[in-house]
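Novice: this is the structure alone, sequence omitted:
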């Protein structure tokens, strides 16, 4: 049986591991399709709020052979007609690529360094959407730009992504509500036509 000190130690170890994790890696995970495990390409969203590459989702839907299918991630039923492009996510993916890959080459076991100055990439330039080093920060190219720690940039992007996702989900709710309202109006019109037609038939027999 674990003692209280063991539990505290375990929590500390987990917190330390979380702090040591590269924030850019978290962003890369957010920008990765759960089907192909690559960066989203032409991302689309389904009714439940999950996102996938357009080609991945198209191939997944083709297997079902019907207008309805299930979300590859949570298995909730979704309509293929409600699959929508997610342009906000596409922009997020491009920024994530720049943040993690532009101007550097990642090698296993080595810290990410600036390709120009061979210094650690610990800063992020907001104007150019790129990771930079302290030498770049002092250069003419970035001297008057807004530069923040790369951890702060990663966190800002995650928050922005969450806001965009909330907006998208709200839009989807509005579209579904409009669709229900339209279907109810169509049903009302159909009933009204049938009533009028029946009355016309009654008058013809009089």
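Specialist: Cool, the structure landed. Since we're looking at a predicted model, the values are computed, not measured.
Novice: what's the single longest helix in the protein?
Specialist: As assigned by DSSP state H, the longest helix anywhere in the chain is helix 150-205.
Novice: from the contact counts, what lies against it?
Specialist: Counting contacts by 3 or more Cβ pairs under 8 Å, 6 or more residues apart in numbering; DSSP states H and E, helix 150-205 is packed against helix 23-30, helix 87-101, strand 123-125. Every C-beta, even on glycine, is put in place using the N, C-alpha and C of the backbone.
Novice: so where's the chain uncertain?
Specialist: 1-24, 99-111, 188, 191-206 (pLDDT under 70).
Novice: 80 instead?
Specialist: Counting by pLDDT under 80, the chain has low-confidence residues at 1-28, 64-67, 95-113, 115, 118, 157-158, 160-206.
Novice: beta-bridge partners for the closest residue to residue 84 other than its chain neighbours, please?
Specialist: Spatial nearest neighbour of residue 84, chain neighbours left out: residue 45 (5.5 Å); criterion: Cβ to Cβ, 6 or more residues apart in numbering. Listed by DSSP bridges, the beta-bridge partners for residue 45 are residue 51, residue 84.
Novice: residue 45 and residue 61: what is the separation?
Specialist: As judged by Cβ to Cβ, to the nearest Å, residue 45 and residue 61 stand 14 Å apart.
Novice: need the overlap of contacts for these two.
Specialist: residue 83 (Cβ atoms under 8 Å, 6 or more residues apart in numbering).
Novice: give me the distance between the most centrally placed residue in the chain and residue 152.
Specialist: Residue closest to the mean C-alpha point of the chain, counted by Cα atoms, centre = their mean, is residue 89 at 4.9 Å. Distance, residue 89 to residue 152, by Cβ to Cβ: 22 Å.
Novice: OK, contacts around residue 136?
Specialist: 114, 116, 117, 119, 123, 125, 142.
Novice: give the contact list for the third one.
Specialist: So that's residue 117. Per Cβ under 8 Å, 6+ apart, neighbours of residue 117: 133, 135, 136.
Novice: circling back: for residue 157, find the nearest of the helices and strands packed on helix 150-205.
Specialist: Nearest to residue 157, of all the helices and strands packed on helix 150-205, is helix 23-30, at 5.7 Å by Cβ to Cβ.
Novice: ok, the residue nearest to residue 84 - how many residues close by?
Specialist: Residue 45 has 23 neighbours, counted by other Cβ atoms under 10 Å.
Novice: residues in contact with it?
Specialist: By Cβ under 8 Å, 6+ apart, the contact set of residue 45 is 51, 83, 84, 85, 86, 89, 168, 172.
Novice: in ChimeraX, how would I select the buried members of those?
Specialist: A single ChimeraX command is used to select the members of the contacts of residue 45 judged buried by 16 or more other Cβ atoms under 10 Å:
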select :51,83,86,89,168,172
